[in-house]
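Q: Could you work out the structure for the sequence below:
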Amino acid sequence: MKAVSMYRPLNLSNALSDFDRYMESFFGDTTPLMGRNFTHLPAMDIREKDDCYILEMDLPGYNEKDIQINVDGGTLTIESKLEEENTRDANDEKKAKKEGIFLLRERQIVSFSRSFKLPENADPTSISASFKDGVLSLNMKKKAQAQKRLIQINK
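A: Numbering: from 1, shown residues only. I've put the predicted structure just below:
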């Protein structure tokens, strides 16, 4: 479960070449220090224990109804499909009067999709999910034959 990321060695001048700028415009800037917005992929951690894998994904502002988790063969997909707020309808004026009009809006909730190839020793039928305080937690047990086992030597 490793992700591909763009490697950019630090240089003293901290200037980007034209090629680097082109690549960033294609992949999206993944470095918040550059002061640009980047493609939204929720931050996550994946841990391995003796008997299971634990995946935790930060999803502040989402609720469990917005999130869909699928397993298809050896691929785990976590996605969110949100309705665009830019579409206007007859209720927009009523909603604006009730909730107010944004003068500044920096927090965004956007749709995303992330897929992961499951390890061979993972049991996809054992996945359990919980959502609390904006953090999605998935727990996936390892297959029994994949777990370490201590074998005693007979005397």
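
Q: could you pull out the helices for the chain?
A: For the chain, the helices defined by DSSP state H cover 18-27, 92-99.

Q: Report all helices and strands that the shortest one contacts.
A: By that I understand helix 92-99. Contact partners of helix 92-99 among helices and strands, from 3 or more Cβ pairs under 8 Å, 6 or more residues apart in numbering; DSSP states H and E: none. C-beta here means a position set from N, CA and C on the backbone, and glycine is covered the same way.

Q: Helix or strand, whichever it is, which one in this structure has the lowest mean pLDDT?
A: helix 18-27 (a mean of 55; mean pLDDT, DSSP states H and E).

Q: where does the chain have low pLDDT?
A: 1-40, 83-92, 95, 146-147 (pLDDT under 70).

Q: same thing but 90
A: 1-42, 60-64, 66, 73-74, 81-112, 116, 143-152, 154-155 (pLDDT under 90).

Q: Tell me where it has strands.
A: Ranges of strands in the chain, per DSSP state E, are 44-48, 52-58, 67-72, 75-80, 112-117, 128-132, 135-141.

Q: Let's see the fourth one as CSV, backbone CA atoms only.
A: Spelled out, that is strand 75-80. Output of strand 75-80 as CSV, limited to C-alpha atoms (Å, rounded to 0.1, in the frame of the first residue of the first chain):
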residue,chain,number,x,y,z
THR,A,75,-9.0,-2.9,-4.6
LEU,A,76,-10.4,-0.8,-1.8
THR,A,77,-12.0,2.5,-2.9
ILE,A,78,-13.0,5.3,-0.6
GLU,A,79,-15.0,8.1,-2.3
SER,A,80,-17.3,11.0,-1.6
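
Q: on that earlier part again, and the strands of the chain as CSV, adding mean neighbour count?
A: What follows is those, written out as CSV (neighbours: other Cβ atoms under 10 Å):
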stretch, mean neighbour count
strand 44-48, 13
strand 52-58, 18
strand 67-72, 13
strand 75-80, 17
strand 112-117, 14
strand 128-132, 12
strand 135-141, 18
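
Q: Quick check: residue 112 touching residue 80?
A: Yes - the pair residue 112 / residue 80 is scored as a contact, 5.6 Å apart, by Cβ atoms under 8 Å.

Q: Skipping adjacent residues, who's closest to residue 143 in space?
A: Computed as Cβ to Cβ, 6 or more residues apart in numbering, the closest residue to residue 143 that is not its neighbour in sequence is residue 123, at 5.0 Å.
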